[in-house]
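> A structural model of the following input is requested.
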Amino acid sequence: MVPITALWLPILLSAVIVFVASSIIHMVLPIHKSDYRKLPEEGGVLDALRAAGVTPGPTYHFPHTTHKEMKSPEVVEKFKRGPVGLLTVIRSGPPAMGKFLGQWFLYCLVISIFTAYLTGRTRAPGTHYLEVFRVAGTTAFLGYAAAQVQDSIWKGQPWGVTLKHVLDGLIYALLTAGTFGWLWPR
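Numbering: from 1, shown residues only. As a prediction, this is how the structure comes out:
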């Protein structure tokens, strides 16, 4: 067993490495440019949403129904007519990139802490690089990538977008695993 306090350097460094890699993936490489599209008649849609009083916070599901009403002919017709979707509205104003990046870095730290905990509980000091890499990589992959699949299953996100996020998560997991293997206590 390796105490988590002995793993502060791989925790911090792997979070920094993933943060930098994610910045490169999202800001330099074109892989995610097609993830979002512009609304048709965006101005009119935005005016209609403002007029309807849509506010930040809840996720809107449309057409909205209860489980009891789901099979009623009126609701079935609404779903057939469409559109059907989920809408998340965030606070108005310029994107709060500093806040978002800060939260992302904290998330990277949390994944690295859990990776350190699980790897430290299952591997001893001096464990071979590939053994540390395997456990740390699997743990980090679960944190960065596996949960992405839920968005395609439950929220209708296109599978292509989800697969790109899973690929990102795999890259982050490999970087995390490499950092832990490299800096594992001897």
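
> And for residue 25, the neighbour number?
Other residues near residue 25 come to 16 when the count uses other C-beta atoms under 10 Å. In short, each C-beta sits where N, CA and C put it, glycine included.

> Repeat that for residue 69.
Using other C-beta under 10 Å, residue 69 has 13 neighbouring residues.

> which stretches of the protein form helices?
In the chain, the helices defined using DSSP state H lie at 8-27, 42-52, 73-81, 97-122, 129-144, 149-155, 159-183.

> check contacts around the closest residue to residue 125 other than its chain neighbours.
Nearest residue to residue 125, sequence neighbours excluded (C-beta to C-beta, 6 or more residues apart in numbering): residue 185, at 4.3 Å. Counting by C-beta atoms under 8 Å, 6 or more residues apart in numbering, residue 185 makes contact with 2, 6, 7, 125, 126.

> so how far is residue 15 from residue 185?
Using C-beta to C-beta, to the nearest Å, residue 185 is found at 18 Å from residue 15.

> Flag every buried residue along stretch 76-87.
Residues of stretch 76-87 classed as buried: residue 78 (neighbour count, 16 or more other C-beta atoms under 10 Å).

> what about it, how long is it end to end?
20 Å (C-alpha to C-alpha, to the nearest Å).

> how far does that stretch sit from the chain's center?
Relative to its parent chain, stretch 76-87 has a centroid offset of 26 Å by C-alpha atoms, centre = their mean, to the nearest Å.

> Show me what it is in contact with.
Contacts to stretch 76-87, defined as C-beta under 8 Å, 6+ apart, come from residues 54, 59, 60, 61, 62, 63, 65, 155, 156.

> now do stretch 121-135
Applying C-beta under 8 Å, 6+ apart, the contact partners of stretch 121-135 are 1-2, 6, 118-119, 177-178, 180-182, 184-186.

> how about it: buried residues?
123, 127, 132, 133, 135.
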